[in-house]
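**Student:** Got a predicted structure plus its sequence, pasted below:
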Amino acid sequence: MADVAVAHDSEHHTDDHGAHHTYTGLSNNKLAMWLFLGSDCLLFGGLISVYMLYRGRYQEGLGPNDVYDIVFTSVSSFVLLISSLTMVLAVTAAGRNDVRRTRLWLTTTGLLGATFVGAQVFEFTGFYRKGLGFTTSLFSSSFFTLTGFHGVHVTIGVIMLMSLAVITMRGRIPGNRAEVVELVGLYWHFVDIVWIVIFTLVYLIPS
Amino acid sequence: MTTAVEHSESVSHEQADEHAHPKDSFYVKIALFLAILTGLEIALSYVHWGSLGTYLLFALMIVKFVSVVMFFMHLRFDSKIFGYLFWTGLGLALTVYVAALATFQMFSKN
Amino acid sequence: MAIIESTPQTLGKTLELTAAPVAVTPPATLGLLRRPMSTTGWKSWVFTVDHKKLGIMYGVSAFVFFVLGGFEALLIRIQLARPNGKFLSADVYNQMFTMHATTMVFLFVMPMAAAFANYFVPLQIGARDVAFPRINALGFWLFLFGAIFINLSWLLGGAADGGWFAYAPNTGTVFSPTHGMDFWALGLQITGIASLTGAINLIVTVINMRAPGMTMMRMPVFTWMIMVIQFLLVFAIPVISVALFLLTFSRLYGATFFDTQKGADPLLWQHLFWIFGHPEVYILILPSFGIVSEVLPVFSKKPLFGYNFVVFSGVAIGFMGWGVWAHHMFASGIGPISVTVFALTTMLIAIPTGVKIVNWVGTLWGGSLTFSTAMLFAIGLIIEFTIGGLSGVTHALAASDMQQTDTYYIVAHFHYVLFGGAIFGIMSGFYYWWPKIFGRMLNEKLGKLHFWLFVAGTNLTFGPMHIVGLQGQPRRMYLYPDGYGFGFWNLVESIGAFIIATGVLVFIINVVRTARGPANAPLDPWDARSLEWLTTSPPKEHNFDAIPHVHHLDEFFHQKYAEDENGNLVKVKTAEQLMAEQEAAKDAHIHLPSPSYWPMIISFAITMLALGVIYSLPLAIASAVVVLAGVYGWLLEPSVADDSDSDPAIHGSSDGKELAHG
Amino acid sequence: MKAKLTKAGLVASLAVGVLLTGCATDAPQDTWQPEGYYAREIDNLQRPVFYVAGIVGVIVTAAVLYCVIKFRARAGEEVVPHQSHGNTKLEIGLTLLSTLTLVAIVPSSVGTLWRVTNKPDNAMNVTVIGQQWWWEYQYDGMNIVTANELVIPEKTKIRLRITSRDVIHSFWIPKLNGKRDAVPNRYHTLNLESDGTGVYDGQCTEFCGLSHANMRQKAVVLSDADFKVWVANQQQNAAQPPAATMAAKGEETFIAQCVRCHQVNGLQNANGEPLQSQADEQLVSGAAPNLTHLMSRTTFAGGTFNLKNEGCDATPPGTPTGTTLECLNRSQLEAWLRNAPEEKPMYAILNDDKKYRGMPNLNLTEQQIDELVAYLATLK
Ligand code: HEA
Ligand code: HEA
Ligand code: CUA
Ligand SMILES: [Cu+2]
């Protein structure tokens, strides 16, 4: 069978094969990922707009300035920022076919992401204790929805990172590892840039 | 079997593909840069500079955003097509949502 | 990783390579389920990832929903035939027009476009499948389950009743207490995922899977228009998703987005809906523009006039479509400045559309026209759509629209562009491509009867709506009283609707008769121009024995025709000869993507998840677990099975993966 | 043959559309028969544009039909036609032409829009509030609250401020101006002006639930003198019916059952304190029509039903005297009091823990209904 030959051959080339046989020479998967990210811009754009419209509408209830803890959020922003760095390192390690480092950095990134999500859950609980529930006001609904959606994106990213780390551990990635890692990386960085925007628009700019 | 032929083909592609892959240290520098900007942002939010502060915050946000996209996400080194797809989405999002928000402000209250 | 899956494609001879190399690792450990392997029987359809089978399934399901949506329209028309109609109660009527529009727009025209796109885009660009075959299957099943899900609400306490654009706050739980709106919102969310995945898939397919030499400017216009639509979908679907999320959260979890007591601004919904909604209407019409741009040249025996202009105007429509949404809100109170801006952008969009009309007429001009049914529908579209487009321009004058909006004049506008445009185009596509898909020609006599019934019916149903609309009949009224002068024309409209229904019946009869008849279609019945005709009818599972090399726009035509000494075009080869040449040069090994259970399992679980969100948290959680498990199963399954992976029980009969000789 | 049929079908429908709309006589909501400044401005814009659109439509149709006839394949003729790929000059020329056509329309389009929406000087201000499924009008500075029939003086610019108490509605009197949505939490404006006296029909045009079709309104345009009389009457409180009459009993029932939603100015409780209708907790919009001068109107229940028997007391348009006892559409009013949701689709089931919209069935006895009607007939 041809497949067998190919498979053996490819041991020597961990670089992406599929990509090279397309019309443009670009990988299908990367194209798809970039399209998805372009699409997701409109999703987050919509949620951010809703928040911008409603950030000042909380009647007599709690407003942004009553609940936000800039120091706390800054720390989690740093966590996410560093996770972006570790993600890049995972990608370059995978590019060098350095399985051990790839796994290390993937795990680190996943843990940092999990820390971020944990911090967010902690933050939300705090807000809730202060009296800011999901249904309290227009401000609260749009805040929780926006940051919640971001949190869900991070969570999905963490699941992908951890799965990837486990799979590389068992040496079981169909196709080429490098590209998979790169794809997850793109997703992860996107989640990071969304946070860059949220951090500024939601937390830093005074309402 | 045509495998051999194929391989020579892919190899040549790979070489063409070998465009600048920055070293790890480069990414560390970028991350440091981003960290500094973030620090600046946080500082800015404490000094109350009014609308100037807001503009600066916007500027910093854009710089951070673009840096991550260009370097961490490789758009700088990758095929232009990826960039087209992403920037189109981002551009559309900006246009329509800013325009929509603007109609809420322009709404004449008389 | 969910997207790690490349179809063996493009250069025929390199197929083995693109298969994920690790596919040879022991299959038994690759996921929970053995791969489905049947090539015949229902399993070969249900688990298929073949773009052609999926295309047919899209088409059949969409057509069923067309009849359903049309049935709902007929009920509407019976109710409105006379003043003070008693046929439907107000409650049922409201559900009826909401579901009529939802069904027609989201469950008929969009999936029907997906049907054509799935079937023909790979063929037209000389590919063996789409870029992500399993995602393709996922899209289909999501659409089908989502569509059934929405309609389930009829049986579970009542369907959505807020109108198809579902203005807040009328869709809140206070004003729409049944679960209808929940089904609507979640169902559209599901079909939205279907469209989004489908769109990403098709864009990647067009960018990456083209045959050698198929440059962008050699692509058939149909493929171009599909590509534009997919871009519109990629960017518009998330906007409606946001709106639907807000609605769902408000209804099910008490979120405040549309709670006016808490200070909400109902215009938020309108903006979100129409930012999606206007690109959406071009999503509905552009496939038909693409089809017509294929049909007119073939039956005029001329290339498309001004190919570049047609392509670029399509792209321009796509872009400009993003800047006009607030023309649906001229009376909503967005203020005169915004109204002025959007009125101007809306007028501009008439220009690229006009370019298309001009080029279609230019294609006819000087041609040698044969009036097949496909051609008749295409010509019908030019005229009917223009009528609708021109009334659209009259709405674009914002001051006039203050009188016109929310009257039957608007209903007239959009049925002319939708029925006279989108549906006529789809019908044209049916008659044109039927022999390609099924190897059988639809009966032309019945076809022409169908066409004339449609022309008469369209103009009788939707023509008078201009009149009653300007006479002040508002839309969405379950009855109109006597004494407003609406009675006569409404009766005419209702009669017209039944004439359309007769046309639909004639078409169904034609289809049934054709299906019973012999496979009589010649290889190239219309003397066509594009690559989908450079293969058997119906096409082989792998589409092309040898991947064609493309040198021209209208490649197939150029392979058939050449200039003689005098510079006159003469036919030098028949389709049969070309087929024989291709078979002689066929590729040695062709690996096709293998069927998979996962797309269907995941889409079913997602639908159950939605049901759980409405009724029962445990069901939702259980379904979410199944979705997650399904995703892992999908990831661990290589997109192309190797031989040892096939089901031993049917192995003998299904040596189907080595399709080198069809 | 085909060509002829196409012609018949398409040209006819277009021409018919343009022609027939203009000359309808029994069309009280016809947008082609403006009877005031604003509607006429729109009409002046709309008409020429219809002609332009008609001409473009005819040109396209004619060009297609010409091709269909001229370039049909002739039997036996096997020649492949000239493979023209296009003509850039033609394309650009026609594109410019259609652009110019559109540009030519722009000034009048924008001009009309601004003229129609500009705030007029010295306008009379009325606040219009929509709710399921009727309209309330509050005359600014005049202390008048009424429902469904907007009474205005002729040849006067009226500035409406429009809002809503529940969902979105849309206010529209076609012969006087276009429509404007009534959106909760927002105030939108609309100008009206009528050339002369008369009654002008309108309809709620934003889908607002079950009885959207039954949510009608009228503009009643009076001469200045009549309008003054009307205002003076509206500013009166309701008179107390003489004791021990049926009407007095009706008043008791009204106080017991109706006052919590419906306001009647001047109504007092046993202690002589004025009664104020309380926005009912369970009624979503929290308001019901003010009935102080019910009989000064000609319709009730959101303009759904005639309060006055048809043909009775043929008042010339523009001088409505309201409804007199002889002309009262008694059977309909009784039916309404007996079971309102039966008469007009509403979500109004009295249920302790559910909100409702519209008037619920109050389970009145026939006796009570008769008395109530007698009382209502005194609210002039
Ligand atoms: C297939 C779908 C489709 C298409 C293609 C269009 C095309 C257009 N539509 Fe339409 N529209 C709808 C579907 C569509 N529409 C629907 C569904 C609604 C109602 C939604 C709802 O409320 O439920 C709607 C409503 C709608 C409104 C809102 C009305 C209201 O609610 O008050 C407006 C307002 O401007 C409008 C305008 C236009 C314009 C200017 C075009 C243009 O693109 C048309 C351009 C085409 C031509 C103009 C004809 C050909 C051109 C020439 C021959 C060149 C020369 C012409 C000139 C110089 C004028 N449409
Ligand atoms: C693609 C979109 C599309 C299509 C194709 C149609 C097709 C039709 N539409 Fe629809 N319509 C809309 C999109 C569409 N519509 C939208 C978006 C709205 C706005 C809704 C809203 O306000 O929210 C609307 C609203 C709308 C209204 C206004 C309702 C109101 O405002 O109160 C009316 C009224 O006449 C109507 C009529 C029709 C008719 C008669 C057809 C006909 O052309 C239908 C023809 C089809 C058939 C008749 C098929 C039936 C066939 C059979 C029955 C065969 C027999 C069966 C078997 C053998 C099994 N439509
Ligand atoms: Cu109120 Cu429609
Ligand atoms: Cu539109």
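**Tutor:** Received, thanks. Ligands and ions are numbered 1, 2, ... in the order given.
**Student:** A:Val91 and A:Leu183 touch, don't they?
**Tutor:** No - if you go by Cβ atoms under 8 Å, A:Val91 and A:Leu183 don't touch, sitting 9.6 Å apart. Yep, even glycine has a C-beta here, placed from its N, CA and C like the rest.
**Student:** neighbour count winner among these two?
**Tutor:** A:Val91 (27 against 24; other Cβ atoms under 10 Å in any protein chain shown).
**Student:** what's the burial count for D:Arg72?
**Tutor:** 15.
**Student:** and what of the one 10 residues further on?
**Tutor:** By the other Cβ under 10 Å criterion, the neighbourhood of D:His82 contains 12 residues.
**Student:** now C:Phe319
**Tutor:** Using other Cβ under 10 Å, C:Phe319 is surrounded by 16 other residues.
**Student:** The stretch 101-250 of chain C against chain B: which residues are in contact?
**Tutor:** Within the stretch 101-250 of chain C, the positions near chain B by Cβ under 8 Å from any Cβ of the partner chain are C:207, C:231, C:234-235, C:239.
**Student:** Which parts of chain A are helices?
**Tutor:** A:2-10, A:28-54, A:64-67, A:70-95, A:99-130, A:138-169, A:177-198 (DSSP state H).
**Student:** Which is the succeeding secondary structure element to the longest helix belonging to chain D?
**Tutor:** Using DSSP H, we find that the single longest helix of chain D is helix D:37-70. Once helix D:37-70 ends, the next helix or strand along the chain (criterion: DSSP states H and E) is helix D:88-117.
**Student:** still on that earlier bit, could you redo the residues of the stretch 101-250 of chain C next to chain B as CSV and give each row neighbour count, secondary structure and pLDDT?
**Tutor:** Formatted as CSV, these follow (neighbours: other Cβ atoms under 10 Å in any protein chain shown; DSSP: H, G, I helix; E, B strand; the rest coil; pLDDT from 0 to 100):
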residue, neighbour count, secondary structure, pLDDT
C:Ile207, 20, helix, 94
C:Phe231, 25, helix, 97
C:Val234, 27, helix, 97
C:Phe235, 27, helix, 96
C:Val239, 31, helix, 97
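**Student:** which of those residues are close to chain A?
**Tutor:** C:207, C:234-235, C:239.
**Student:** picking that back up, now for the residues of the stretch 101-250 of chain C next to chain B, which pair is the farthest apart?
**Tutor:** C:Ile207 and C:Val239 (23.4 Å; Cβ to Cβ).
**Student:** Whichever residue of chain C sits closest to ligand 2 and chain A, how far apart?
**Tutor:** Closest to ligand 2 within chain C is C:Gly70: 2.1 Å, counting by Cβ to the nearest ligand atom. Per Cβ to the nearest Cβ, to the nearest Å, C:Gly70 is found 32 Å from chain A.
**Student:** List the buried residues for the helix or strand hosting that residue?
**Tutor:** Following DSSP H and E, one finds C:Gly70 within helix C:51-80. By 16 or more other Cβ atoms under 10 Å in any protein chain shown, the buried positions in helix C:51-80 come out as C:51-59, C:61-63, C:65-66, C:68-70, C:72-77, C:79-80.
**Student:** Neighbours of the closest residue to D:Leu362 other than its chain neighbours, how many?
**Tutor:** Spatial nearest neighbour of D:Leu362, excluding adjacent residues (Cβ to Cβ, 6 or more residues apart in numbering or on different chains): D:Gln257 at 5.4 Å. For D:Gln257, the count of nearby residues is 16 (other Cβ under 10 Å).
**Student:** so who does A:Ser74 touch?
**Tutor:** Shown in contact with A:Ser74 (Cβ atoms under 8 Å, 6 or more residues apart in numbering or on different chains): B:38, B:42.
**Student:** for C:Tyr93, same thing?
**Tutor:** C:76, C:79, C:478.
**Student:** check contacts around the residue of the stretch 251-380 of chain D found nearest ligand 1.
**Tutor:** Closest residue of the stretch 251-380 of chain D to ligand 1, Cβ to the nearest ligand atom: D:Pro345 (22.2 Å). The neighbours of D:Pro345, taking Cβ under 8 Å, 6+ apart as the test, are C:89-91, C:478, D:210-211, D:214.
**Student:** Let's see that with 7 Å instead.
**Tutor:** Going by Cβ atoms under 7 Å, 6 or more residues apart in numbering or on different chains, D:Pro345 touches C:89-91, D:210-211.
**Student:** Of the residues you listed, select the buried ones using a ChimeraX command.
**Tutor:** Buried residues within those, by 16+ other Cβ under 10 Å, are selected in ChimeraX with:
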select /C:90,91 /D:210,211
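**Student:** Tell me, please, where in chain C the pLDDT is lower than the cut-off.
**Tutor:** Low-confidence segments of chain C (pLDDT under 70): C:1-35, C:37-39, C:638-662.
**Student:** hang on, C:Glu493 in a helix?
**Tutor:** Yes - under DSSP: H, G, I helix; E, B strand; the rest coil, C:Glu493 falls within a helix.
**Student:** can you tell me how far it sits from ligand 3?
**Tutor:** To ligand 3, C:Glu493 is 22 Å away according to Cβ to the nearest ligand atom, to the nearest Å.
**Student:** Do I have it right that that residue meets C:Pro464?
**Tutor:** Yes - counting by Cβ atoms under 7 Å, C:Glu493 does reach C:Pro464; the two are 5.3 Å apart.
**Student:** pull the helix or strand with minimum mean pLDDT from the chain.
**Tutor:** All of this is about chain A. Of all helical and strand segments in chain A, the minimum by mean pLDDT, DSSP states H and E falls on helix A:2-10, at a mean of 28.
**Student:** Correction: the question concerned chain D.
**Tutor:** Bottom-ranked secondary element of chain D by mean pLDDT, DSSP H and E: helix D:2-6, a mean of 45.
**Student:** Who are the contact partners of the nearest residue to C:Met320 once chain neighbours are set aside?
**Tutor:** Of all residues not flanking C:Met320 in the chain, C:Ile349 sits nearest, at 4.8 Å (Cβ to Cβ, 6+ apart). Going by Cβ under 7 Å, 6+ apart, C:Ile349 touches C:317, C:320-321, C:324.
**Student:** next one: phi and psi at C:Ile349?
**Tutor:** phi -70, psi -20 (degrees, to the nearest 10).
**Student:** is the nearest residue to D:Gly302 once chain neighbours are set aside in a bridge, and if so with what?
**Tutor:** Nearest residue to D:Gly302, sequence neighbours excluded (Cβ to Cβ, 6+ apart): D:Trp134, at 3.5 Å. Per DSSP bridges, the residues bridged to D:Trp134 are D:Gln131.
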